[in-house]
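S.K.: Fold the following.
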Amino acid sequence: MIHITKSNRVPVGLADFPEMVERKGKGHPDSVADECAEACSRALTKYYIENFDTYFHHNVDKAAYVAGQAAPEFGGGKILQPQEFEIIGRAIDQAIVGGKLVPIPVRTICRSAIQDVFKYTFRNIDLEKHVIIDARTKSGSIDLTGLYNQERNGQDHIPLANDTSFGVGFAPFSSTDQMVYDVETYLNSSKFKDLCPASGEDIKVMGLRNGKDIEITLCNAMVSKYVNDRSEYINAVAQVQEAALKVCDGLKEDHSVKVSVNTGDIIEKDIMFLTITGTSAEAGDDGQVGRGNRANGLITPGRVQTLEAAAGKNSNNHIGKLYSLMSNRAARSIIKELKGDVVECQIRIVSQIGHPINQPWMGDIELIPAANVNFDVVSKRAKEILQAELDDYLTLRKELAEGTVKVW
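M.R.: Purely as a prediction, here's the structure:
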């Protein structure tokens with residue numbers, strides 16, 4: 001059932017109440033936990049398909065990213081205790097082939113996937129010295145693994161929902177949303193790191209819009225071996241600030257923008273966000289799946305939200321993961337196709353366990369229409385777009401397996 005709600009709300013970007021938006025960058029411990037969990041899910045899916053030509057049940061969606069201890073100093077420093085990362089979850093670890101029981105090296109697959117994440121995320125982490133990686137997994141419960149590959153008659157290749165749960169999404173991003181997202185993306189790009197190697201990957205961006213004024217506060221871990229004294233630290237922070245302002249200038253429209261970086265620093269007392277590896281996980285901050293960005297890459301307390309942790313859940317029938325992604329994709333499609341007629345769209349989709357994924361218990365589409373728009377016409381098309389997204393489930397599953405869809 002798909003329901004349409006005509007909203008009388010003012011679009012978030014134009015509302016009087018202060019708008020708050022956050023993004024945790026790729027080197028933040030919570031984002032690393034998300035990326036590792038999702039990488040494990042992809043690696044397991046690939047192994048299952050290549051070796052058994054099927055999707056097997058798994059949910060590797062818990063992690064313990066335990067901070068180490070470090071003593072950074074200008075020009076270098078020492079790692080006193082390594083970081084530790086352990087993935088925790090459930091995954092099929094044996095299968096019957098030709099009447100024989102075949103073991104599946106789940107822990108080895110996961111450890112390898114996690115190592116790869118650390119390699120492509122961090123420029124300054126030595127996997128041999130700085131991180132201890134392990135995996136703790138067991139096979140899943142009989143009821144969930146039994147439900148995993150079931151399909152209802154007449155629903156070709158559409159698995160049944162594994163849970164009674166919901167996902168939410170919205171579109172479009174406001175100016176504040178887009179600034180926060182794009183600032184982190186640029187500062188963590190290879191292009192910027194080549195220009196400013198002192199900028200580490202652990203970056204958190206918080207945006208606050210109050211009326212026409214937008215303030216961006218950045219916390220950027222700086223890498224000690226590229227910073228030889230206070231002056232070089234100050235210059236590197238200024239480079240980060242200048243780059244962020246440049247990104248914001250292209251998005252600010254009629255807003256004024258202010259950017260602050262590492263506001264917790266007390267330079268004269270040598271209190272600075274200085275690290276050896278580029279992440280606070282070397283000493284100060286632990287990480288966990290689901291504590292960071294939502295499925296659209298942001299944390300937005302003024303928008304429709306869910307606590308669903310998408311990373312690491314199986315891409316075959318984990319409904320909280322799939323509906324979180326589908327709702328955002330459908331909302332973006334509605335705004336793109338009905339641009340000018342629909343100003344803002346929020347979607348909530350809820351399932352019942354054991355029902356086909358493309359037949360939700362309810363899909364609620366909330367639209368803010370433009371003035372003088374025929375709401376019946378746009379609501380009919382919005383319903384069609386959401387249903388098409390639900391029916392195109394196999395495309396999303398394939399993209400998740402290939403790693404072309406971000407979940408944090």
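
S.K.: quick one, what contacts the closest residue to Met1 other than its chain neighbours?
M.R.: Excluding its sequence neighbours, the residue lying closest to Met1 (Cβ to Cβ, 6 or more residues apart in numbering) is Met362, at 5.1 Å. The way it works is simple: take the backbone N, C-alpha and C, and place the C-beta from them, glycine included. Contacts for Met362 (Cβ atoms under 8 Å, 6 or more residues apart in numbering) come out as Met1, Ile2, His3, Arg348, Ile349, Val350.

S.K.: Return the distance of Met362 relative to Ile2.
M.R.: 8 Å (Cβ to Cβ, to the nearest Å).

S.K.: Now for Gln241, which secondary structure element holds it?
M.R.: Using DSSP states H and E, the secondary-structure element containing Gln241 is helix 230-249.

S.K.: Which residue ranges of this protein form helices?
M.R.: Under the criterion DSSP state H, the chain contains helices at 29-52, 106-121, 142-148, 175-187, 190-195, 230-249, 319-337, 375-391, 393-402.

S.K.: right, so of the ones you listed, which gets closest to His255?
M.R.: Closest approach to His255 among the helices of the chain (Cβ to Cβ): helix 175-187, 6.1 Å.

S.K.: and the angle from the helix holding Gln241 to helix 175-187?
M.R.: Relative orientation of helix 230-249 and helix 175-187, computed by axes from the mean of the first three to the mean of the last three Cα atoms, to 10 degrees: 130 degrees.

S.K.: May I have helix 230-249 as PDB, with CA atoms only?
M.R.: Extracted C-alpha coordinates of helix 230-249, given in PDB (Å, rounded to 0.1, in the frame of the first residue of the first chain):
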ATOM      1  CA  ARG A 230      53.100  25.500  15.700                       C
ATOM      2  CA  SER A 231      53.400  27.700  12.600                       C
ATOM      3  CA  GLU A 232      53.100  24.800  10.200                       C
ATOM      4  CA  TYR A 233      50.100  23.500  12.100                       C
ATOM      5  CA  ILE A 234      48.400  26.900  11.900                       C
ATOM      6  CA  ASN A 235      49.100  27.100   8.200                       C
ATOM      7  CA  ALA A 236      47.700  23.600   7.500                       C
ATOM      8  CA  VAL A 237      44.500  24.400   9.400                       C
ATOM      9  CA  ALA A 238      44.200  27.600   7.400                       C
ATOM     10  CA  GLN A 239      44.600  25.600   4.200                       C
ATOM     11  CA  VAL A 240      41.700  23.400   5.300                       C
ATOM     12  CA  GLN A 241      39.600  26.400   6.200                       C
ATOM     13  CA  GLU A 242      40.300  28.100   2.800                       C
ATOM     14  CA  ALA A 243      39.400  24.900   0.900                       C
ATOM     15  CA  ALA A 244      36.200  24.400   2.800                       C
ATOM     16  CA  LEU A 245      35.100  28.100   2.200                       C
ATOM     17  CA  LYS A 246      35.800  27.600  -1.500                       C
ATOM     18  CA  VAL A 247      33.400  24.600  -1.600                       C
ATOM     19  CA  CYS A 248      30.800  26.500   0.300                       C
ATOM     20  CA  ASP A 249      31.000  29.600  -2.000                       C
END
